[in-house]
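Student: Got a predicted structure plus its sequence, pasted below:
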Amino acid sequence: MKTLAALAAVGALGATSLVLHAQLPDTSDGRYAGLQWRFVRIKYHYDPAALRAQQLDVYGEPWGIDSPAAEQNLSRRVKTATAIQVEDPILMTLDDPKLFEHPWIYIVEPGALKLTDTDRAQLREFLLRGGTAMFDDFHGPYEWDNFERQMKRVFPDRPIVEVPQTHPVFSVFYKIDSYPQVAGIGSFLAGRTWEKGGFVSHLRTILDAAGRPMMFINWNTDMGDGWEWSNAIEYPGYLKHTAMAYRMAINEIVYSLTH
């Protein structure tokens, strides 16, 4: 969620290309060399009525929230922190036949997601073939209800389950003691971490027949804002949210590429 004050800073940030060097390691971690990854943002169909009902402060379309800074910054971070080969971010639709060339996709603001029958079938096939979807930046019961309805259309026979703190995704790269609630920049400026009644953050998933998480559902947290605003040195207090967003995302990415 954006505020006018936050949006006004975008131009200055792009011009100065400021970087918080404290966030970057001196050398990359050599584990997982040989892996390839790119940020694949999904352009999806959505319900405008749902956006109005949620009073979403969306600039442009919901699938494009935080773009392009979020994918650029996260790609840079994965490249500097790990030995994974990182390709340039791209934008795709779920009905693109080239979707199956990529192991990982990103869907932001799925509280307004509206899958067509083709989208539903394609997403199901992508996940069952071993792909992983990251869902991010949706909050509260209203948005959850819509998301859950859409996932029931994809996997009517599989429940959404909580990812326990003992799961390897919390230790596959960084050791993370608890699932973070990354504040959106608007919430941060308002002095809180939550929005839309989503007081407690959750990491959830749907498992395939072998018990593999086919998706990482980041609910009541805003990873995308953490990546997008990681260069905003005028908000030094936001650094802790940026760090959490990077670490949790890298763990989810590494896990999805290795399992």
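Tutor: Yep, that arrived. Numbers count the residues shown, from 1 in each chain.

Student: can you pull out the helices in the stretch 101-250 of the chain?
Tutor: For the stretch 101-250 of the chain, applying DSSP state H, counting those that start in this stretch gives helices covering 117-128, 140-154, 185-189, 223-228, 239-258.

Student: buried residues in the first one?
Tutor: Read that as helix 117-128. By neighbour count on 16 or more other C-beta atoms under 10 Å, the buried set for helix 117-128 is 119-120, 122-123, 126-127. Backbone N, C-alpha and C define where each C-beta goes, glycine included.

Student: Most tightly packed of the helices of the stretch 101-250 of the chain?
Tutor: Neighbour counts (mean count of other C-beta atoms under 10 Å) averaged over each of these peak at helix 223-228, with a mean of 29.

Student: would you turn the helices of the stretch 101-250 of the chain into JSON lines with mean pLDDT?
Tutor: Formatted as JSON lines, these follow (pLDDT from 0 to 100):
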{"stretch": "helix 117-128", "mean pLDDT": "98"}
{"stretch": "helix 140-154", "mean pLDDT": "96"}
{"stretch": "helix 185-189", "mean pLDDT": "92"}
{"stretch": "helix 223-228", "mean pLDDT": "97"}
{"stretch": "helix 239-258", "mean pLDDT": "97"}
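
Student: Redo the ones you listed as CSV? Include distance to residue 43.
Tutor: Compiled in CSV, the helices of the stretch 101-250 of the chain are given as follows (distance: least, C-beta to C-beta, whole Å):
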stretch, distance to residue 43
helix 117-128, 11
helix 140-154, 16
helix 185-189, 23
helix 223-228, 15
helix 239-258, 20
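
Student: Now do residue 9, the pLDDT please.
Tutor: On the pLDDT scale, residue 9 is placed at 37.

Student: what's near enough to touch residue 104?
Tutor: Each residue near residue 104 by C-beta atoms under 8 Å, 6 or more residues apart in numbering is listed here: 37-38, 40, 131-134, 253, 256-257.

Student: and of the helices of the stretch 101-250 of the chain, who's closest to residue 32?
Tutor: With C-beta to C-beta as the measure, helix 239-258 is the member of the helices of the stretch 101-250 of the chain nearest residue 32 (6.0 Å).
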